[in-house]
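Asker: 3D, please:
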Amino acid sequence: MTIPDIPEAPEGIRVHARKGGKFSYEARVKRKPLKPLTNTFKTLDEAVRWKATVEALIDSGVDPSSVIPKKAPQAALVSTLVAKQGLVPELTGDLLVSANGLTVRQGIENYLKFRAQSHNKLPSNQITDYNRVADDWEDFLISDLRNEDMANYVSTLLRTPLKRYAKKIEQGEKVENPKCYAEATVRKFIYAMKVAIEWQAKNGKVKLNEFVFDFEKNVIPPAWAGHRERRLVAGEEEKLYAAGIVRGDITYTPDDWRALIGFTLETAMRQQELAKAEWKHFVEANRILHIPARNTKTEKARNVLLSTRALEILAAQKKSCPDGCTRIFHQFSSAGSICDSFAKLTKRAGIEKLTFHDLRHEATSRLCESKNPLPMMALMEMTGHRSMATFGGYVHLISSTTKLQLP
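Answerer: Reported below is the predicted structural model:
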């Protein structure tokens, strides 16, 4: 029997596989000191809306379990919210607006619903960004937002430890130099908030202070300046390989790094795509590595054309692959382990301000600079860039668009 791929769902939604290739979606709301509340739906949209409405009740100071049955339908939740908290459904259906004005959480939920019903749906990773912002701001009124609030939000996020470190700190563990949210990540959160709130303003649902997102230069982190230009300089690639020694808790050898980094520079694949790459997706006869939609950032499947060097790396990986292992880069357990280990590798190598994602930029630039580059659209297909705006940082490197030719 073929087991269907489990679809991705936002945080707080659990997907259950059913007979006939169908799925059900269990929404769970857990807010201490209240008891957890769960409900199961046939569609993801119903589960997301139910969860959002229950959270709105909690945010309004109401214990949902005290006013609604555990398995109450969406309509009952909406009517309860209207009766108890003075909230009213909008003309679009079950979107909610408080009597005092539109809150940031409500604004983001409205926008997510709009995108979910549109032809251009948001990828799940972007939905996570929007939900993170909604959790941070909750019932703060959009009409009360000021530029100073946004500047303080940026500063706070840049000082906030990542979840895996924050959890250890909460448990009383001593964490030296915990990693905080990167400047580029904070920019994604701010952008998500800006898009959702300005969408509300454009549609006449809220009056927005025109200077809310008008940041001063000294407030904007350096990573917001534009396209990141970090490239490998002469000797850095070999320094990285040489730093991959086996000592103490260092588990990756120079050969491991030579394979992973070398393959990245040949294919421009992202770390999660590399970590999840499987042998069954390698089509040697066509010199192609297929990347399923579930493994990509954009949730769009693509095929990566493999150079001679990339094929050589795969051949070496096949020889070292343990029996029964399905993943190509079996040495690295996850995308997170790749990033964390690479950060330690650059430190041992004495290389500053180089992230693993910079290798993707380096690879894309090399593909553009090749003596026989692929046509621009073929390059975008290979690297997974969905728009010219994103790919534009590399376009100036393309000197011609010749026919497909691999080195």
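Asker: any weak-confidence spans in this protein?
Answerer: Scanning the chain for pLDDT under 70 picks out 1-6, 57, 59-100, 222-223, 225-229, 245-250, 373, 386-407.
Asker: Quick one: end-to-end distance for stretch 136-152.
Answerer: 13 Å (CA to CA, to the nearest Å).
Asker: Give me the buried positions along that stretch.
Answerer: 136, 137, 141, 142, 145, 147, 150 (16 or more other CB atoms under 10 Å). The way it works is simple: take the backbone N, C-alpha and C, and place the C-beta from them, glycine included.
Asker: Ok, stretch 111-131 next?
Answerer: By 16+ other CB under 10 Å, the buried positions in stretch 111-131 come out as 111, 112, 113, 115, 122, 123, 126, 127, 129, 130, 131.
Asker: Would you mind pulling the contact partners of whichever strand or helix holds the first one?
Answerer: By that I understand residue 111. Using DSSP states H and E, residue 111 sits within helix 104-117. Residues from elsewhere that reach helix 104-117 (CB atoms under 8 Å, 6 or more residues apart in numbering): 45, 48-49, 52, 55-56, 59, 90, 92, 95-98, 102, 121-122, 127, 130-131, 133-135, 137-142, 145, 192-193, 195-197, 199-200, 205-206.
Asker: ok, now stretch 169-184?
Answerer: Residues from elsewhere that reach stretch 169-184, judged by CB under 8 Å, 6+ apart: 157-162, 165-166, 168, 189, 221-224, 228.
Asker: and with 10 Å instead?
Answerer: Stretch 169-184 is contacted from outside by 132, 154, 156-168, 186-189, 220-225, 228, 339-340, 343, 355, 357, using CB atoms under 10 Å, 6 or more residues apart in numbering.
Asker: That stretch spans what distance, first to last residue?
Answerer: 24 Å.
Asker: That stretch: which residues count as buried?
Answerer: Under the neighbour-count criterion of 16+ other CB under 10 Å, stretch 169-184 has 180, 181, 182, 183 buried.
Asker: What residues does the nearest residue to residue 129 once chain neighbours are set aside make contact with?
Answerer: Excluding the flanking residues, the one nearest residue 129 by CB to CB, 6 or more residues apart in numbering is residue 192, at 4.4 Å. By CB under 10 Å, 6+ apart, the contact set of residue 192 is 108, 111-112, 122, 126-134.
Asker: Residue 192 and residue 108, how far apart?
Answerer: Remark: distance between residue 192 and residue 108 (CB to CB, to the nearest Å) = 8 Å.
Asker: Let's have the buried residues of stretch 111-131 in TSV, adding distance to residue 348.
Answerer: Output for the buried residues of stretch 111-131, formatted as TSV (distance: CB to CB, whole Å):
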residue	distance to residue 348
111	44
112	43
113	48
115	43
122	39
123	35
126	34
127	37
129	32
130	38
131	37
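Asker: Where do the strands of the stretch 201-350 of the chain begin and end?
Answerer: Here the stretch 201-350 of the chain has its strands, by DSSP state E, counting those that start in this stretch, at 282-283, 288-291, 302-305.
Asker: Okay, buried residues for the last one please.
Answerer: In terms of neighbour count (16+ other CB under 10 Å), strand 302-305 has its buried residues at 302, 304, 305.
Asker: Now do it: everything it contacts.
Answerer: With contact meaning CB under 10 Å, 6+ apart, strand 302-305 is reached by 263, 266-269, 273, 277, 281-283, 286-293, 295-296, 310, 367, 374, 378-384, 404, 406.
Asker: Now which of these would you call buried?
Answerer: Among the contacts of strand 302-305, those classed as buried by 16+ other CB under 10 Å are 263, 266-269, 273, 277, 281-282, 287, 289-292, 295-296, 310, 367, 374, 379-384.
Asker: In helices, which of those residues appear?
Answerer: Cross-referencing the buried ones among the contacts of strand 302-305 against helices under DSSP state H gives 263, 266, 267, 273, 310, 367, 379, 380, 381, 382, 383.
Asker: what element comes up after the one helix or strand residue 152 maps to heading to the C-terminus?
Answerer: Assigned by DSSP H and E, residue 152 falls within helix 147-158. Next along the chain after helix 147-158, taking DSSP H and E as the criterion, comes helix 163-170.
Asker: mind listing what's buried in that next one?
Answerer: residue 165.
Asker: now do stretch 238-258
Answerer: 239, 240, 241, 243, 244, 252, 256, 257, 258.
Asker: Ends of that stretch, what's the gap?
Answerer: Terminal residues of stretch 238-258 are spaced 9 Å apart (CA to CA).
Asker: ditto for stretch 224-242
Answerer: End-to-end distance of stretch 224-242 (CA to CA): 32 Å.
Asker: From the chain's centroid, how far away is it?
Answerer: Here stretch 224-242 is found 23 Å from its chain centre; the criterion is CA atoms, centre = their mean, to the nearest Å.
Asker: Identify, from the buried residues of stretch 238-258, the entry nearest to residue 361.
Answerer: Proximity of the buried residues of stretch 238-258 to residue 361 (CB to CB) peaks at residue 240, which lies at 15.3 Å.
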